[in-house]
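*Asks:* Predicted model follows, preceded by the sequence.
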Amino acid sequence: MPRSSTRTRSVRRSRTRRVGESAYGALLVARVGVMGLLALLLLVAGVWTSWQTAQYAMLVKAQGRGMMTVSACAGERCTGPYEPSSGETQKLAKVSIAEGAADKGTQVEVTVKPGTTHAVRTGAAGILHAWVPFAGSLLLAALVVAGGMRLRRTAWVMGLLGAVLLGAAFAAL
């Protein structure tokens, strides 16, 4: 009767198979790295774009704020007169604001960008509207994270945060 051994015999893989497995692993790591950099690039671009408007909506002190009455809308901008809330800034006959930020005939609280006639809506609605590009970049980055990095839960969280931010901006305006 043959002796049974409890020890298993290891099979040695060939050198080409080991190199192939290593190359495949390196490709997987490279894919995750490239997709991670792409997602990071999308998020940084969204923050950068949003911050150009959000800094005025969030951080400008009360001296640069006032009320704008929307009188006409053409293209992507609405125009109207600007009345400052304090005496430190001057009254302007015509400033412009993004069309989605206000309806014709309404008065909105705005701040005027220094040295220009471009106004930015302030308050909760203005802040949410300023961060819309970041919400879009969250949605795009969620697709990259889910498809390229296979991190589905992280992608769901990113996508839901982007959708909530877009919905809040839509509801606030």
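*Replies:* Nice, thanks for sending it over.

*Asks:* most residues in a single helix of the protein, which one?
*Replies:* helix 15-59 (DSSP state H).

*Asks:* chain center to that one, what's the gap?
*Replies:* Distance of helix 15-59 from the chain centroid (CA atoms, centre = their mean, to the nearest Å) equals 15 Å.

*Asks:* what's downstream of that helix, the next helix or strand?
*Replies:* Downstream of helix 15-59, the next assigned helix or strand under DSSP states H and E is strand 65-69.

*Asks:* Now do stretch 97-114, average pLDDT.
*Replies:* Stretch 97-114 carries an average pLDDT of 81.

*Asks:* start at 761 instead
*Replies:* All set: I'll call the first residue 761, so the last point we hit is now stretch 857-874.

*Asks:* Please enumerate residues in contact with that stretch?
*Replies:* 816-817, 820, 824-833, 835-840, 842, 845, 849, 852, 855, 878-883, 885-886, 889, 933 (CB atoms under 8 Å, 6 or more residues apart in numbering). Just so you know, the C-beta spots here come from the backbone N, C-alpha and C atoms, and that holds for glycine as well.

*Asks:* and if we set it to 6 Å?
*Replies:* 816, 820, 824-825, 827-830, 833, 836, 838, 855, 879-883, 889 (CB atoms under 6 Å, 6 or more residues apart in numbering).

*Asks:* With just CA atoms, put it into CSV.
*Replies:* Extracted in CSV, the C-alpha atoms of stretch 857-874 (Å, rounded to 0.1, in the frame of the first residue of the first chain):
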residue,chain,number,x,y,z
ILE,A,857,-24.8,88.8,-14.1
ALA,A,858,-25.0,85.2,-15.3
GLU,A,859,-28.5,84.6,-16.8
GLY,A,860,-29.2,81.6,-14.6
ALA,A,861,-28.6,83.5,-11.5
ALA,A,862,-31.6,85.8,-11.7
ASP,A,863,-34.9,86.4,-13.6
LYS,A,864,-35.9,89.6,-15.4
GLY,A,865,-37.4,92.2,-13.1
THR,A,866,-36.1,90.8,-9.8
GLN,A,867,-33.8,92.4,-7.4
VAL,A,868,-30.9,90.3,-6.3
GLU,A,869,-28.1,90.8,-3.8
VAL,A,870,-24.8,90.9,-5.6
THR,A,871,-21.2,91.9,-5.3
VAL,A,872,-19.3,93.5,-8.2
LYS,A,873,-15.9,92.1,-9.1
PRO,A,874,-13.3,94.8,-8.6
